[in-house]
Structures are given as structure tokens and as C-alpha cells.
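**Student:** Sequence below, structure please.
(2 chains)
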Amino acid sequence: MDAPEPTEEAFDEAARRAGLTLAPEDRTIALAEARALHRAAALVRAYVAGADRRNPHAE
Amino acid sequence: MNPADLPIPQAAARLRDGRLTAVALARAHLERIAARNPALHAFVAVTAEPALAAAARADAELAAGQDRGPLHGIPIAVKDMIDIAGSATACGSRLRAGRRAARNAEVVRRLLRGGAVPLGKLATYEFALVGPSFDQPDPPAVNPRAPERITGGSSSGAAAAVAGGLLRTALGTDTGGSIRAPAGYCGVVGLKPTFGRVPRGGVAPLAPGLDHVGPISATVAEAALTLDAIADPGTPAAPAAADLGRNIDGLRIAYARDWFARDPALDPAVLGAIDAAVEILARMGARIGTVAMPDHDLMHAAGAVMLQAEALALHRADLAASDPGYGRAAFRSLVSGICLTGEDLAAARRAGEYLRAEIDRTIFAFHDALVTATTLTPAPPLAAFRAGRPVWTPMRTLPFNLTGHPALALPAGSSDGLPLSLQIVGRAFDECRICRIGHALESALRTNGPSV
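**Tutor:** Just a heads-up that it's a prediction; the model follows:
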């Protein structure tokens, strides 16, 4: 888990950059799912880092 | 027997010996749709006149000795993510309502070349993402086996149509389980082919690295025949229907029991049903070996990151419009990916390559097929989805979108009368073997499609 979960501010900034305006309930639900996805991405990155070390010649 | 209830091989035999015409068969299905679709909402569009014209052509061709193959004269319908020239492809969304396709999707072109008779378009969760939703133009499809339960999705209409006796076979799409989960919840057969075996031109994408097109059908044989009609003939693989009816004596089948049995969300009836099915396979001569799959949470995580990142990339421009027109559930689901990075997506794709290689090396090098669960519960109550908040539906489907292995979902037992399902997963392009095993198991379980 090499990066902190998205804060509300970081999520809002990402939404702003994407040109999105979120209603409060949309924001609450999407932020919770974004944090779950962040944890998923961290798990995947850790796995790939280990697999790359075990398979240094993999393309 | 009503012709609409005839399994495709029986209908095909009658079409050829003169006991049935394609027009009469199409009319029987259209009458069934008229009677039942108002309650099931499986079809979002019925194209009766073109269907009857196509059926008349099919009859004329057979009379003239031109036989286009197993689906000649057979009614079919496609999920509303798949283009039919002249019909709207709304993708279950207000955003696309009324947008007519100029050309047929490649799979539709192949169905027509094979003489099939398209009857219309079938309901989908919005953009094949999440559902059921109650804020879109059409009401959610209804599960014919349990109207107060969800159909599952996103190929909701295809599963409802087949389970409700409106069709024997239909086309759906599957990005994380969207063929297999609704097939499981509705008690019918779903076949997600190998990634790349079926062309996707003219099919609205959800996540191109995970998207598959395949059949939802009443039986394994009908799913295999449908797949063979739309699959790329250029692949070296045997036709899916080539070995139907062959015994399974001596086949080596891996059972990934722990991969789902330890999940706290599991309905114990699922484990009992799949244990019983595996015992039947063993009695038929298959050699069963219990195997350990790669970690499910990891596989699901990689699939989820790919799905959300790729879907957001496709929808980003529309989402930023002042009134994008998405339903709330789809909008929230898409927005949830905005913090993912390009590095996250690249890692997820790389994980998929490693995991596919690991399964090939540790399981398919020693086994002909793998059995595991499809969904871990029967269909959840529809009421749980009315609030519009995400509802977790545990299943074991997305990992095989990630790895691209073919996976066949077929009915196996029930829980309080609700259908349960198992998956038979194969080596890449080995749909022939998983359909052979599925057909044998289906025959042993004495199921012949949904009772209607």
C-alpha cells in the first residue's frame, strides 16, 4: 500500500479536472468506491512488483 | 408442444423435414413475446415484420435446397449493446435513446449469414455497467424464476428471455460476468468465449480489454451452436459443438473448491450443489483433482481496476457534459475511477498476463478443465437495489475476463427454489471441451432448459 487513499480534497480535485460536478450523494458513493479501487490498485501494483522481480526477463 | 419450446436441434430437424416452417416458428416466438414480455421486460424492441420476412426467406432457401447451417430459420435476439442496422442501440441509457445503427454488428452479420431470424433487442444494464436501475427509459427485466429477485446483469434481457421461454438462445456481452451471472440467477446457460474468439465490431464497448460477446441459451448444446455461428472461423480451435454427446471418461477436471468455499458470503447450498455436481462428473469417469487458484481478491482487484479505468476513458467526454443523461448508478460507477492512474491500468493489465500464465502453468498443464462457482448466492432481492446504492453480489466471474479463458455457466441445483450455477472453465480456445463436459453434466442432471 504505497500511496495514501484519496482524500476528499484529492477526489474533488480529480473531479474538477475531469469537468465533473457531483451532487452530494453521488460524491459520497463515488468517493467510497474510489477508495476501494485505490486499495485494489495498490494490491495489484504490489503483486506486479513481486512478479517482475521473480521474472526479470518477462516482457 | 409449442414450437417456441423446441430445442434448436429439434426445431432444425422439423424445419428440414417439413413438419415446421420458419415463419410458424417465428410466429410462435412472437406470440410468446407478446404474451409474456409485458411482465418480463426482456425485450426493449421487437422487430416482428423484418423477422417474419427473414423467416420467409429462410423457408424459401430451405425449399430450394440452400441450407445455411444449424441456426437456419431459428429465432434469436441480441442485447441492446449490439448493432442491428436500422434499429436503435440505446445501451439501456437515455443518453443513447433513439440512436439508430447504420450497419449490423459483425456478430449479427454472421447470424444472418447463418440464416438466423433476429426478433429484436434485449434489455441491458445501462452501458452494461451496473444495475438494475429504475431511472432509465425501460424498467428492469424481471427474473422469470423469481420475479421479486434480480435477473443479474448486465445481459439481463437475454437471461430473462431465455428463462421465460421467449427464446431458446440470445446474444449477450460479458465484461465481468454479464453473461454468466444472469444466466446463473435465471437458471439458464451462459457461455463466455475465449477473449478474441468472437469479433466485437459494432458492439458498444464497456472495457475493451475485458469485453466478450457470447450466447445465453436454454441448454449447453444451444449455446455451443450459437457460439459456432458467431465465432471467428480463422482460429485453429474445434467448433464448440463438435464433441457434444462424447463421454467424459478419463478427462482430468480440476476443482477449485477453496477458491469460493471459504468466502463468507457463500450460500452453503452453492457448495453442496457444486460438490454434488463434481461427484457426478467423477461417476461419469472424469478424474477430479482439487487445485489452488491464484488469490481471488487479487484477480478481482486487477479486473476491477481495468474495468473502471477503461470504462471511464470511454465515457469521460460524455460525463463532463452539463446534463450527461446517465442514470445515477452508472454515473457514480464511472466517476469512481477518476483517481486511477495510467500506471494503475498498466499494472492491472500486466497482472492479468501473469495470472493467465500462472493458471496455464499450474492448472491447465495438468487438467483439461476447471470447475468452480459462478455466483455465490441465488439472485438477490430486487428491493435491495431500489435505493440506488451499490449492492455487492459475490461471484467468481471477473477473473476469467481478466485471463481470457473460456467459461461456461450452467444450472446446478437450487436454494429455496432459486437456481444456482457452476462454471466450467477451459484452456484458451477450448470451448469444445467445456461444452462437452457441460453437456454431459446437464444430461446427468436431467435438465433440458428452463421449464416454461
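**Student:** The nearest residue to B:Ser156 once chain neighbours are set aside: what's it in contact with?
**Tutor:** Once flanking residues are discounted, B:Ser156 sits nearest to B:Ala141: 4.1 Å by CB to CB, 6 or more residues apart in numbering or on different chains. In short, each C-beta sits where N, CA and C put it, glycine included. By CB atoms under 8 Å, 6 or more residues apart in numbering or on different chains, B:Ala141 lies in contact with B:Leu40, B:His41, B:Ala42, B:Leu122, B:Ala123, B:Pro132, B:Thr151, B:Ser156, B:Gly157, B:Ala159, B:Ala160.
**Student:** Give me the pLDDT value at B:Ala320.
**Tutor:** The score at B:Ala320 is 88. That number is its pLDDT.
**Student:** Low-confidence ranges, the chain, go.
**Tutor:** All of this is about chain A. A:1-3, A:59 (pLDDT under 70).
**Student:** To clarify, I was referring to chain B.
**Tutor:** For chain B, residues meeting the criterion pLDDT under 70 lie at B:322, B:447-452.
**Student:** the strands in the chain, which residues?
**Tutor:** Went with chain A since none was named. In chain A, no strands are defined using DSSP state E.
**Student:** let's do chain B instead
**Tutor:** Using DSSP E, strands in chain B cover B:43-46, B:75-79, B:117-122, B:169-174, B:189-192, B:212-217, B:252-255, B:287-290, B:369-373, B:407-415, B:418-426.
**Student:** Same list (those strands) but as a markdown table, adding distance to chain A and mean neighbour count.
**Tutor:** Output for the strands of chain B, formatted as a markdown table (distance: least, CB to the nearest CB, whole Å; neighbours: other CB atoms under 10 Å in any protein chain shown):
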| stretch | distance to chain A | mean neighbour count |
| --- | --- | --- |
| strand B:43-46 | 26 | 21 |
| strand B:75-79 | 25 | 30 |
| strand B:117-122 | 28 | 27 |
| strand B:169-174 | 20 | 30 |
| strand B:189-192 | 22 | 33 |
| strand B:212-217 | 21 | 30 |
| strand B:252-255 | 22 | 20 |
| strand B:287-290 | 24 | 14 |
| strand B:369-373 | 21 | 26 |
| strand B:407-415 | 21 | 26 |
| strand B:418-426 | 21 | 26 |
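**Student:** can I get these in CSV with distance to B:Ala55?
**Tutor:** Below are the strands of chain B laid out as CSV (distance: least, CB to CB, whole Å):
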stretch, distance to B:Ala55
strand B:43-46, 14
strand B:75-79, 8
strand B:117-122, 5
strand B:169-174, 16
strand B:189-192, 24
strand B:212-217, 20
strand B:252-255, 41
strand B:287-290, 45
strand B:369-373, 37
strand B:407-415, 29
strand B:418-426, 31
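**Student:** what sits against residue 58?
**Tutor:** No chain was given, so I picked chain A. A:Ala51, A:Asp52, B:Tyr354.
**Student:** nope, chain B please
**Tutor:** With CB under 8 Å, 6+ apart, B:Ala58 has these contacts: B:Leu15, B:Ala22, B:Arg68, B:His72, B:Gly73, B:Gly115, B:Val117.
**Student:** List the single closest residue to the spatially most central residue of chain A in space, sequence neighbours excluded.
**Tutor:** Geometric centre of chain A, nearest residue: A:His38, 2.8 Å, by CA atoms, centre = their mean. With sequence-adjacent residues excluded and distances taken as CB to CB, 6+ apart, A:His38 is closest to A:Glu5, at 5.2 Å.
**Student:** cool, A:Arg45 as well?
**Tutor:** Spatial nearest neighbour of A:Arg45, excluding adjacent residues (CB to CB, 6+ apart): B:Ala347 at 4.7 Å.
**Student:** does that neighbour really touch A:Val44, like I thought?
**Tutor:** Yes. In this structure, B:Ala347 is within contact of A:Val44 by CB atoms under 8 Å, at 5.1 Å.
**Student:** anything in contact with each of the two?
**Tutor:** By CB under 8 Å, 6+ apart, the residues touching both B:Ala347 and A:Val44 are B:Ala302, B:Val305.
**Student:** for the longest helix seen in chain A, packing partners?
**Tutor:** Criterion DSSP state H: the longest helix present in chain A is helix A:24-54. Contact analysis of helix A:24-54 by 3 or more CB pairs under 8 Å, 6 or more residues apart in numbering or on different chains; DSSP states H and E lists helix A:8-17, helix B:296-319, helix B:328-335, helix B:342-359 as its packing neighbours.
**Student:** Is any residue of the second one near chain A?
**Tutor:** Yes. Residues of helix B:296-319 are located near chain A by CB under 8 Å from any CB of the partner chain, namely B:Asp297, B:Leu298, B:His300, B:Ala301, B:Ala302, B:Ala304, B:Val305, B:Gln308, B:Arg316, B:Leu319.
**Student:** Any of those residues buried? List them.
**Tutor:** Listed as buried from the residues of helix B:296-319 next to chain A are B:Leu298, B:His300, B:Ala301, B:Ala302, B:Ala304, B:Val305, B:Gln308, B:Leu319; burial here means 16 or more other CB atoms under 10 Å in any protein chain shown.
**Student:** Now do the same contact list for the fourth one.
**Tutor:** Taking CB under 8 Å, 6+ apart as the definition of contact, the neighbours of B:Ala302 are A:Ala40, A:Val44, A:Tyr47, B:Ala347, B:Ala348, B:Ala351, B:Gly352, B:Leu355, B:Leu402.
**Student:** try 6 Å this time
**Tutor:** For B:Ala302, the contacting residues are A:Val44, B:Ala348, B:Ala351, B:Gly352, B:Leu402, by CB atoms under 6 Å, 6 or more residues apart in numbering or on different chains.
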